[in-house]
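Undergrad: 3D model of this:
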Amino acid sequence: MRKIAQAAGLIAFVQIGVGIAAFIHEFGHWVFYRIQGIPAAISLVKEFPLRDLSVREYAVGSWGGIIFNWIWLIVLCAMIRISASGAGRLKKLIPNSLFWGQCIVLLLYALLLFKGQDKTEFIYAQGLFHLPKYSIVIFNLILTAAAIIFVMRWNRQKLKISTIVIALATGIVSVVFLSLLETYDAETNWRKYPTISVGDDMLYNEHRK
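TA: Below you'll find the model as predicted:
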């Protein structure tokens, strides 16, 4: 019973990491739009350019979320490495929970694209530098896998059946959590901001119809 309670607590802590990782992704978009001089707003899980964009402007903005997630993952790995020896349980729990939340977000983005659910920002980001299809997602997977291997070694964790079960349960809970967060955000915030055009390619924030 105690192990079940500990697993449930860990899953709950990881959801904080998932929420923060999703926000950091959108914050990265916002920063890259502002660097370009484009007015923009941000909510919990979405960024909003406040004027029509060229395809290039949207592609540059798309890179912001991708790069900020990479930076956040590396920062968390550094925090875990520093706390791996000698730190108290809570000091280890916080960076590890944030780390697993970030990993889940990166893996979910990859899964959505491979399933054919268009993550448009990756398509435009790749197009900016004429990168091959799926190149960003494949790099995400490699970076995430490498980070997980290093973190498990630093924490002296072994891959057990119980670890896999907890990881799967955490992933399922994270999908539900992100869906609920997005639904709440859409109902309370998205309609405040305008629908914009990205070149002649698409409309963004189109739900305002």
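Undergrad: centre of the chain versus the lowest-mean-pLDDT helix or strand in the chain, how much separation?
TA: Sorting the helices and strands of the chain by mean pLDDT, DSSP states H and E puts helix 89-114 at the bottom, at a mean of 87. Centre-to-centre, helix 89-114 and its host chain are 8 Å apart (Cα atoms, centre = their mean, to the nearest Å).
Undergrad: buried sites along that helix?
TA: Within helix 89-114, the residues scored as buried using 16 or more other Cβ atoms under 10 Å are 92, 94-110, 113. Quick note: C-beta positions are derived from backbone N, CA and C, even for glycine.
Undergrad: and what of stretch 2-21?
TA: For stretch 2-21, the neighbour count (16+ other Cβ under 10 Å) marks 10-11, 13-15, 17-21 as buried.
Undergrad: and if you look at stretch 169-185?
TA: 170-171, 173-174, 177-178, 181-182, 185.
Undergrad: For it, C-alpha coordinates in CSV please.
TA: Taking Å, rounded to 0.1, in the frame of the first residue of the first chain, the C-alpha atoms of stretch 169-185 are listed here in CSV:
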residue,chain,number,x,y,z
ALA,A,169,0.6,5.1,-15.8
THR,A,170,2.3,8.5,-15.7
GLY,A,171,2.1,8.9,-19.4
ILE,A,172,-1.7,8.1,-19.4
VAL,A,173,-2.3,10.5,-16.6
SER,A,174,-0.3,13.2,-18.3
VAL,A,175,-2.4,12.9,-21.5
VAL,A,176,-5.5,13.3,-19.5
PHE,A,177,-4.1,16.2,-17.5
LEU,A,178,-2.9,18.1,-20.6
SER,A,179,-6.3,17.5,-22.3
LEU,A,180,-8.1,18.9,-19.3
LEU,A,181,-5.7,21.9,-19.1
GLU,A,182,-6.1,22.6,-22.8
THR,A,183,-9.9,22.4,-22.5
TYR,A,184,-9.9,24.8,-19.5
ASP,A,185,-7.5,27.2,-21.2
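Undergrad: Go ahead and name everything in contact with that stretch.
TA: The contact list for stretch 169-185, computed with Cβ atoms under 8 Å, 6 or more residues apart in numbering, reads 7, 10-11, 14-15, 18-19, 22, 43-46, 100-101, 104-105, 107-108.
Undergrad: One more pass at 10 Å, please.
TA: 7-8, 10-19, 21-23, 26, 43-46, 100-101, 103-105, 107-108, 111, 190 (Cβ atoms under 10 Å, 6 or more residues apart in numbering).
Undergrad: thinking again about what came up before, remind me what whichever helix or strand comes after the least confident helix or strand of the chain packs against, helices and strands.
TA: Sequence-wise, the next helix or strand downstream of helix 89-114 (DSSP states H and E) is helix 120-128. In terms of contacts (3 or more Cβ pairs under 10 Å, 6 or more residues apart in numbering; DSSP states H and E), helix 120-128 is packed against helix 55-83, helix 89-114, helix 135-154, strand 202-204.
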